[in-house]
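[1] Attaching a predicted model along with its sequence, questions to come.
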Amino acid sequence: MAGEKDTTSIADFEKSLDELEKLVRDLEQGELSLEQSLTAFERGVKLTRECQQALKSAEQRVEQLVQNSDGTLETRPFSPDDAD
């Protein structure tokens, strides 16, 4: 069941990102009325927040596989500081 929830989250993220990209294109074309532009902007802000939350959640689930000095392997939570 947990894998199904992860898949749904990924699909939701991709759908939100696609919708956000479409909103940006529509706004850039400049053919929307002021009211439509404001509605699109507000929707875009909401989608941006949802995408940021999904990315943060995914980042917290990522682990890295590291080799210890004795040659054994173990997983540890990923830390951006370890990437250097």
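    Yep, it's here.

[2] could you pull out the strands for the chain?
    Secondary structure of the chain by DSSP state E: the strands cover 63-67, 73-77.

[3] angle of the last one against strand 63-67?
    Orientation note: strand 73-77 sits at an angle of 150 degrees relative to strand 63-67 (axes from the mean of the first three to the mean of the last three C-alpha atoms, to 10 degrees).

[4] Mind listing the strands strand 73-77 pairs with, and their directions?
    Sheet pairing for strand 73-77, assigned by DSSP bridges, gives strand 63-67 (antiparallel).

[5] mind checking how far the partner strand is from the chain centre?
    Put simply, strand 63-67 sits 22 Å off its chain's centre (C-alpha atoms, centre = their mean, to the nearest Å).

[6] pull the helix or strand with minimum mean pLDDT from the chain.
    strand 63-67 (a mean of 75; mean pLDDT, DSSP states H and E).

[7] So which residues make contact with that one?
    Outside strand 63-67, the residues that touch it by C-beta atoms under 8 Å, 6 or more residues apart in numbering are Leu73, Glu74, Thr75, Arg76, Pro77, Phe78, Asp82. Glycine gets a C-beta too; all of them are placed from N, C-alpha and C.

[8] which of the residues you listed count as buried?
    Among the contacts of strand 63-67, none is buried by neighbour count (16 or more other C-beta atoms under 10 Å).

[9] Out of those, which is nearest to Asp26?
    Comparing the contacts of strand 63-67 against Asp26 with C-beta to C-beta picks out Phe78 as the nearest, at 36.0 Å.

[10] wait, what's in contact with that closest one?
    By C-beta under 8 Å, 6+ apart, Phe78 lies in contact with Glu59, Val62, Glu63, Gln64.

[11] Let me know the distance separating it from Val66.
    10 Å (C-beta to C-beta, to the nearest Å).
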